[in-house]
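*Asks:* Build the 3D model from these lines:
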Amino acid sequence: MKADAFLAAVKGKLIVSCQALANEPLHGAEVMAKMAVAAKVGGAAAIRANGPADIRAIKRAVDLPVIGLYKQGDSGVYITPTFDAAAEIVDAGADVIALDCSDRPRPDGARIDELLVRIHRELRVPIFADVSALSEARAAAEAGVAMAAPTLSGYTENSRAQAGPDFELLAQMIATLPIPVIAEGRIHAPEQARRALDMGAWAVVVGSAITRPRTITARFARALTDV
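*Replies:* Residues are numbered from 1 along each chain as shown. Have a look, this model is predicted:
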């Protein structure tokens, strides 16, 4: 899928992240495929999914575009950290590649600008840049990514931890970047999603608030016990 076609399909709409890691009760490609079906029925315009197995299952289950990523490891740069990881999810059917575009060291030693050039040259799939700072977003845009999101804000040393969405970084990206900016990261309520669109976000990604029952349950449980 070309970047223009994907962006047209999701403009002003909801993208649902269907992910469950190995230590989570809903882990498994079949479960994530059903989650994607539920998301589509509910009105999602696209799916964000992790790993070749989940991507293949979701592509068989729904006809929505899939933003693919491949989480490897559990710290540092682990969202599609290498070219091989990107190639695997493209082979699985991902329409867009999401990857960590922070300036942190990558596990194979490659620079992010080198990785982006190689993906463009060899895989020819639109790139969704996950960033934690405005400088990273600008660098990714200059390197030719199709879209960017403040997904990593609060999870790197370049960003401040916070409970909700980083609306400040989102606003800076929207005002500065020459590419579409997608809102993502700790969007817990419909009102926050609406606010992001009203600010000028191209689309909104919501994950845990929709597709992680354990996280949703824990949030309610804390609200009932905290005093």
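*Asks:* show me where the chain has strands.
*Replies:* 14-18, 46-50, 66-69, 96-100, 127-130, 147-149, 204-206 (DSSP state E).
*Asks:* How far does the fifth one sit from its chain's centre?
*Replies:* Yep, that's strand 127-130 we're talking about. 8 Å (C-alpha atoms, centre = their mean, to the nearest Å).
*Asks:* which residues make contact with that strand from outside it?
*Replies:* Strand 127-130 has contacts (C-beta atoms under 8 Å, 6 or more residues apart in numbering) with 67, 69, 79, 96-102, 116, 119-120, 136-137, 140-141, 144-149, 151-152, 182, 184. C-betas here are computed from N, CA, C, even on glycine.
*Asks:* circling back to that earlier point, is it possible to export the strands of the chain to JSON lines including mean neighbour count, mean pLDDT and distance to Glu157?
*Replies:* Conversion of these to JSON lines gives the following (neighbours: other C-beta atoms under 10 Å; pLDDT from 0 to 100; distance: least, C-beta to C-beta, whole Å):
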{"stretch": "strand 14-18", "mean neighbour count": "25", "mean pLDDT": "98", "distance to Glu157": "24"}
{"stretch": "strand 46-50", "mean neighbour count": "28", "mean pLDDT": "98", "distance to Glu157": "24"}
{"stretch": "strand 66-69", "mean neighbour count": "28", "mean pLDDT": "98", "distance to Glu157": "21"}
{"stretch": "strand 96-100", "mean neighbour count": "27", "mean pLDDT": "98", "distance to Glu157": "13"}
{"stretch": "strand 127-130", "mean neighbour count": "28", "mean pLDDT": "98", "distance to Glu157": "15"}
{"stretch": "strand 147-149", "mean neighbour count": "26", "mean pLDDT": "98", "distance to Glu157": "19"}
{"stretch": "strand 204-206", "mean neighbour count": "25", "mean pLDDT": "98", "distance to Glu157": "23"}
